[in-house]
Each structure stands twice: as C-alpha cells, then as structure tokens.
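Peer 1: Just need the structure, nothing else, for what follows:
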Amino acid sequence: MAYERNYEEDKKIDLFKLHEEWQDVSEAFDYWSRLHAGQKKVVAELKAKLSEKRAALAVKIKDNPKLYNIDKITEKTVTDTIECSSEIFDAVTQIINEEYDEELLSISKETMRKKIEALKGETQLYLGSYFAVPNLPITIKQKLADDLDAQMRKELETDM
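Peer 2: Below you'll find the predicted structure:
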C-alpha cells in the first residue's frame, strides 16, 4: 500500500528542530490514526461480506446438494463444503491480508504515540540545558583566548 507520508521519516526525531517536530507530530498522528481507522472499517466490511457469502452458499448447498456431491445433508457436511469452497478461501485470504495491514497501521499509530512521549522527554532535556555547551572555568576560557591571540599574532608577523 502506498502512503502519502513516509513512515520511516515520521518516526524520526531531529533534536535540532524540536519546534518543527512538535508542529508535525500531531499531523503525523492524525494521518496514521485515520489510516488505521479506515483499515479497521475495511476488515469489518470484508468480514460482513464473508458471512453473507457463507450464508448464500449454505442456501445453495441445501437447495441442490447433488451439485456439491453431497448424499446426505448434515450441518457438518454443509459447513465443511462451505469452508472448502474456493470463494470462501479467497475471501478469508483477503481478510488475513487486510488484518495484517491493519496491524501494521496500528503499530504506526502507536509509534506516533511513543514519538510524542519521546518529544516530551527531549523537550525536558532541552529546557534543562542538557544539550548546552559545557561551562568551562574562566581561567580555561582565558587561556584558550590568549593562545588564540598568540597564534593569530604569529600568523600576522609571518605574513609581513
């Protein structure tokens, strides 16, 4: 199934663009949630159609058992004949495939929930200056500045 959004990109967090991540995460969550809900609807509709197909096939079998090579009609023979029909097999296979897609979309939606939690944590770390440049004692800062000045003076003297 082709999607408008890229799941792999949606689940990543760019720590240098937390404000953009926060703007985008609600759209991503909405997108994947809507797809999941739509897929649940598809599965429910397919299951309803499967029930209808089973019922229609049961009526056909009971009306004309000879067509299905049944000598004596019992509930078990009708059920077994229904379950062995290619029409039912194809419908069940389609449901299994759609349920697989539904599960993947459920995971995508849950991943977006986890991303929201991760963004909360990353924002807390950012607000707590976790990503700040380390504070150097003033003496080390002054020594680095002096060394840089001395190096620049040497370069200027050699250029003259």
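Peer 1: Let's check: the centremost residue of the protein is which one?
Peer 2: residue 108 (1.6 Å; CA atoms, centre = their mean).
Peer 1: in the protein, which spans are helices?
Peer 2: 7-10, 18-63, 75-84, 86-127, 138-159 (DSSP state H).
Peer 1: What's the local residue count around the residue nearest to the residue nearest to the centre of the chain when sequence neighbours are not counted?
Peer 2: Ranked by CB to CB, 6 or more residues apart in numbering and with sequence neighbours excluded, the top spatial neighbour of residue 108 is residue 32, at 4.3 Å. C-betas here are computed from N, CA, C, even on glycine. Residues lying near residue 32 (other CB atoms under 10 Å) number 24.
Peer 1: Pull the contacting residues for residue 32.
Peer 2: Applying CB atoms under 8 Å, 6 or more residues apart in numbering to residue 32 gives the contacts 5, 7, 10, 105, 108, 109, 111, 112.
Peer 1: now this protein, which segments are flagged as low pLDDT?
Peer 2: Filtered on pLDDT under 70, the chain yields the residue ranges 1, 131-138, 140-141, 160.
Peer 1: hmm, try it at 90
Peer 2: Where the chain drops to pLDDT under 90, the residues are 1-3, 15-19, 125-160.
Peer 1: returning to that earlier point: closest one of the contacts of residue 32 to residue 59?
Peer 2: Residue 59 has its nearest neighbour among those in residue 105, at 35.6 Å by CB to CB.
Peer 1: What separation is there between the closest one and residue 35?
Peer 2: 5 Å (CB to CB, to the nearest Å).
Peer 1: How about residue 125?
Peer 2: As judged by CB to CB, residue 125 and residue 35 stand 31 Å apart.
Peer 1: Give me the more crowded residue out of those two.
Peer 2: Remark: of residue 125 and residue 35, residue 35 carries more neighbours, 21 against 13, as counted by other CB under 10 Å.
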